[in-house]
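> mind folding the following:
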Amino acid sequence: MSRRHPSSLPEELRKLDRPLVIGVLNVTPDSFSDGGNHDEPTSAVAHGINLCREGADIIDVGGESTRPGATPVSAQVELSRVLPVVSALVAAGVHVSIDTMKAEVARESVAAGACVVNDVSGGLFDAAMYSTVASLDVPYVLMHSRGEASVMNQHAVYDDVASDVMRELGDRLQAAIAGGVDPDCIVVDPGLGFAKEVDQNWQVLNHLDEFVRLGYPVLIGASRKRFLGSLLADSEGRPREFAERDAATDAVSALAAAAGVWGVRVHNVKAAVDSVLVGRAWARGRQ
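Have a look, this model is predicted:
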């Protein structure tokens, strides 16, 4: 696994000698896999608590869909969706991360008890994100992407996707650090599915060891994504249904854990816990 956890992570999580399992909790009507399933606070909180019982170390709460083609929402709408859920989960003893591209949502969610900020724009969406995160003293997940969700697929053109993503992540890291973010608080995410065509995701995954060697904890979010649905398509080319992509997700999680990632972000937590243990054991066997 990654050689270190980000600083400011809760102590009980920093003691773990395995990749973390981060459970997805979308409180949106339109997320790609589970949109509308938990867009009411009571249901969302119950699901988050259940994911923790199944082994999630952190619950990642998101109030805005970032699927390709999604329509952005205002900070006010996003806050109305996430704050009741974040507050209730924290009150129940759950470690929460906030999945947002907006500095205001990050700030208010951390004030409500969230202990991680997960920014899928890598700071490109909101110019205030870096200074805000710098003031919050929590881990910051900086993900690679290009463009807003509504247009990201138009930007999936690379000379060499793994090298280009690594270079662009390096640029965002420099900008974040220059903006005041403590480098010891940063986690990097190569952004599977974000401004990347199906085969490009596999190329990125094939270079995971190089992302790990950047020296930052690495988060991988492959769960139920389009490139897995395409891989598992039927004989007529129809992608596998979202909920039937979990076994493939688990295979990626195990391989990512063996490559040394810090964490995996998944919908099906129970199976992912087993997968990262297999991957971690595999890595120990090499050592």
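
> residue ranges in the protein under the pLDDT threshold?
Residue ranges of the chain with pLDDT under 70: 1-3, 30-37, 39, 69, 149-150.

> same thing but at 90, please
Counting by pLDDT under 90, the chain has low-confidence residues at 1-4, 28-40, 65-72, 146-156, 286-287.

> go through the protein and flag its longest strand.
strand 20-26 (DSSP state E).

> what's in contact with it?
Contact with strand 20-26 is made by 13, 33-35, 37-38, 44, 47-48, 51-52, 54-62, 65, 85, 97, 219, 223, 262-267, 269, 272-273, 276, as judged by CB atoms under 8 Å, 6 or more residues apart in numbering. All C-beta spots, glycine's among them, are computed from the backbone N, C-alpha and C.

> restricted to buried residues, select the residues you listed in ChimeraX.
If you want just the buried ones from the contacts of strand 20-26 in ChimeraX, going by 16 or more other CB atoms under 10 Å, the selection is:
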select :13,33,34,35,37,38,44,47,48,51,52,55,56,57,58,59,60,61,62,65,85,97,219,223,262,263,264,265,266,267,269,272,273,276
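
> out of the contacts of strand 20-26, list just those in strands.
For the contacts of strand 20-26, membership in strands holds for 58-62, 97, 219, 263-266, with DSSP E as the criterion.

> how about CSV for these, with distance to Ala256 added?
Listed next are the ones in strands among the contacts of strand 20-26 as CSV, based on distance: CB to CB, whole Å:
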residue, distance to Ala256
Ile58, 16
Ile59, 20
Asp60, 16
Val61, 22
Gly62, 21
Ser97, 18
Leu219, 9
Gly263, 9
Val264, 6
Arg265, 10
Val266, 11
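
> hang on, the earlier thing: list the buried residues of the longest strand of the chain.
Taking 16+ other CB under 10 Å as the basis for neighbour counts, the residues of strand 20-26 that come out buried are 20-26.

> ok, residues contacting stretch 246-262?
In contact with stretch 246-262 (CB under 8 Å, 6+ apart) are residues 1-2, 5-6, 18-20, 187, 205, 208-209, 212, 217-220, 222-224, 228, 231-232, 240, 264, 266-268, 271-272, 274-280, 282-283.

> make that stretch 277-287, sorry
Stretch 277-287 is touched from outside by 1, 17-19, 253-260, with contacts defined as CB under 8 Å, 6+ apart.
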